[in-house]
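Novice: After the sequence you'll find the predicted model.
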Amino acid sequence: MMKRGTENRSHYRISFWLTYNSFFHIIGPFKSECFLFFVTGDKLMVGKNRVGRIEGLSAIVTGGSRGIGRATALALAREGGKVVVNYREQAKDAEEVVSIIEKAGGEAFPFQADVGMRGAVNEMVAETVKRFGGVDILVNNAGIGKGGRPLLELKEEDFDAMVDTHVKGTLFCVQAVAPHMMKKRNGKIVNISSVAGIGTALAQTTLYAVTKGAMITLTKRLALELGPYDIKVNSVAPGHILTDMTIMGRSSAEVKERSRYFEEHTMLRREGVPEDIARVVLFFASDDANFVTGQVLSVDGGRTDFLSHSL
Ligand code: NAP
C-alpha cells in the first residue's frame, strides 16, 4: 500500500522545481535576498507543500523559536510532524512559530526550558509524551555564540554558558528522550553542531568550537550506545548561516562585509539561510536516513575546504 502523502510527492517535486528554476532565472543577481524571502515567507510554505515524510511523528526542536530551529520546526511540521517549539527566553517568537503551524492545520506547542537545566528538560519531555504520546525525533539545536576573543582574553563564564547549552543541553535532552525511544525501539536524534567543531574556518571562536566539537563526539558515542535500539544519531554541521546569531551585535555595514567575505570563501558563492539546514535535518529525521547513524554532515556551501584557494 502506498504510504500517506506519497502519491502527491512527484507532483510537488516537479511543480516546485519548475517554480524554483523560473523564479531564480528571473531574479538571478538577487539570489540571497530571495532565499531570505523564502524563509521569511514560510507562512505560505507550511501546509502547501506538505508531503508527509514524517507524518504523525512527534518532534522536539530545542531553540525552535528562531533562526535554524524555527526553519526546522516549520519544515518538520510541513511534513506532518507534531512539533514542540522549545525556547529559553523569547516566548513571543515561539508562539509565532506555533501559530503558523496551527494555522496551516498542523500540531505544535511552545515550551520554555533552558536545555542546560536537567529538571526543565525532563518536564518538557514529560509534557511532550503526555500530549503527543511519545518522542520520535529530537533536534538538539539550541545554541549561543559567546566569547569570540583571542586566547588570552577568553572568559570562563562564556565557556560555562556554552558547555551548559551545547554539551550538557544535548546530553540532558538525549537522556530524557532515550527511554521513550528505546521502548519503541525507534528514534531519530539530530545534533546541530558547526563546521567550527571540525576545522579552523573562523578565527577567535575557540571556546565555541570546543563545545561544538564535543557535540560531534557525543553524536558518535550516542550513536554507538543507542544503535542496538534502532535509534539513529547524526549531526548537521552548518557553515555560515544568516540568523540573529550571526547578525546581532554587528552594524549593518559589518554584516554586509561579513556576508561578502563568506560569499568569497564558499564554493557556492553565497552564505546559507536557515532553510538550507532545515532540509538536511528533515532528511536525517525521515525514513530516508533509516540506515544512517553516527554521521556528521557539513552543510556549508563548500566552505570547510575552501579557506584560501585562488582559482
Ligand atoms: P539563533 O538565531 O540565535 O537562535 C537560537 C535559538 O536557541 C533561539 O530559539 C533561542 O531561544 C534558543 N536558545 C539559546 N539558548 C538556549 C537554551 N539554553 N535553552 C533553550 N533554548 C535556547 O541561532 P541560530 O543561528 O539559529 O543557531 C542555531 C544552532 O545552529 C546553534 O546551535 C548554533 O550554534 C548552530 N550554528 C549556527 C550557525 C550560524 O551561522 N547561524 C553556524 C553553525 C552552527 P531564545 O530566543 O528564547 O533565547
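Specialist: Now that the structure is in, tell me what you want to look at.
Novice: Can you list phi and psi of the closest residue to residue 60 other than its chain neighbours for me?
Specialist: Leaving aside its sequence neighbours, residue 60 sits nearest to residue 84 (C-beta to C-beta, 6 or more residues apart in numbering; 4.4 Å). Quick note: C-beta positions are derived from backbone N, CA and C, even for glycine. In terms of degrees, to the nearest 10, the main-chain angles of residue 84 are phi -90, psi 120.
Novice: now residue 53
Specialist: The phi and psi torsions at residue 53 (degrees, to the nearest 10) take the values phi -70, psi -20.
Novice: What score does it have for pLDDT?
Specialist: Model confidence at residue 53, given as pLDDT, is 96.
Novice: Could you give the number of residues near residue 288?
Specialist: 11 (other C-beta atoms under 10 Å).
Novice: So the residue nearest to it when sequence neighbours are not counted versus residue 87, what's the distance?
Specialist: The spatially closest residue to residue 288, leaving aside those adjacent along the chain, is residue 53, at 7.5 Å (C-beta to C-beta, 6+ apart). Distance, residue 53 to residue 87, using C-beta to C-beta, to the nearest Å: 25 Å.
Novice: One more: residue 286?
Specialist: Residue 286 sits 24 Å away from residue 87, taking C-beta to C-beta as the criterion.
Novice: can you check residue 253 too?
Specialist: According to C-beta to C-beta, residue 253 and residue 87 sit 30 Å apart.
Novice: Give me the more crowded residue out of those two.
Specialist: residue 87 (25 against 8).
Novice: Break down the stretch 151-300 of the chain into its strands, ranges please.
Specialist: For the stretch 151-300 of the chain, applying DSSP state E, counting those that start in this stretch gives strands covering 187-192, 231-238, 296-299.
Novice: Nearest to residue 102, out of those?
Specialist: Comparison of the strands of the stretch 151-300 of the chain against residue 102 by C-beta to C-beta identifies strand 187-192 as nearest, at 23.5 Å.
Novice: Residue 270 contacts residue 263, doesn't it?
Specialist: Yes - at 5.7 Å, residue 270 and residue 263 qualify as touching, with contact defined as C-beta atoms under 8 Å.
Novice: Please provide the alpha-carbon coordinates for stretch 220-233, formatted as PDB.
Specialist: What follows is stretch 220-233, C-alpha atoms only, in PDB (Å, rounded to 0.1, in the frame of the first residue of the first chain):
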ATOM      1  CA  LYS A 220      29.200   9.300  17.500                       C
ATOM      2  CA  ARG A 221      29.200   8.000  21.100                       C
ATOM      3  CA  LEU A 222      25.400   8.200  21.400                       C
ATOM      4  CA  ALA A 223      25.000   6.500  18.000                       C
ATOM      5  CA  LEU A 224      27.100   3.600  19.400                       C
ATOM      6  CA  GLU A 225      25.100   3.300  22.600                       C
ATOM      7  CA  LEU A 226      21.700   3.800  21.100                       C
ATOM      8  CA  GLY A 227      22.200   1.800  17.800                       C
ATOM      9  CA  PRO A 228      21.000  -1.500  19.300                       C
ATOM     10  CA  TYR A 229      17.700   0.200  20.000                       C
ATOM     11  CA  ASP A 230      17.400   1.300  16.300                       C
ATOM     12  CA  ILE A 231      17.900   4.900  17.400                       C
ATOM     13  CA  LYS A 232      19.800   6.900  14.800                       C
ATOM     14  CA  VAL A 233      22.000   9.800  15.900                       C
END
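Novice: Make residue 1 into 646 and carry on from there
Specialist: Yep, numbering from 646; the last one is stretch 865-878 now.
Novice: mind listing the helices in the stretch 846-956 of the chain by residue range?
Specialist: According to DSSP state H, counting those that start in this stretch, the stretch 846-956 of the chain carries its helices in the segments 851-871, 889-892, 897-909, 919-930.
Novice: Mind giving me the packing neighbours of the last one?
Specialist: Using 3 or more C-beta pairs under 8 Å, 6 or more residues apart in numbering; DSSP states H and E as the contact definition, the elements that helix 919-930 packs against are helix 676-685, helix 712-723, strand 782-785, strand 832-837, strand 876-883, strand 941-944.
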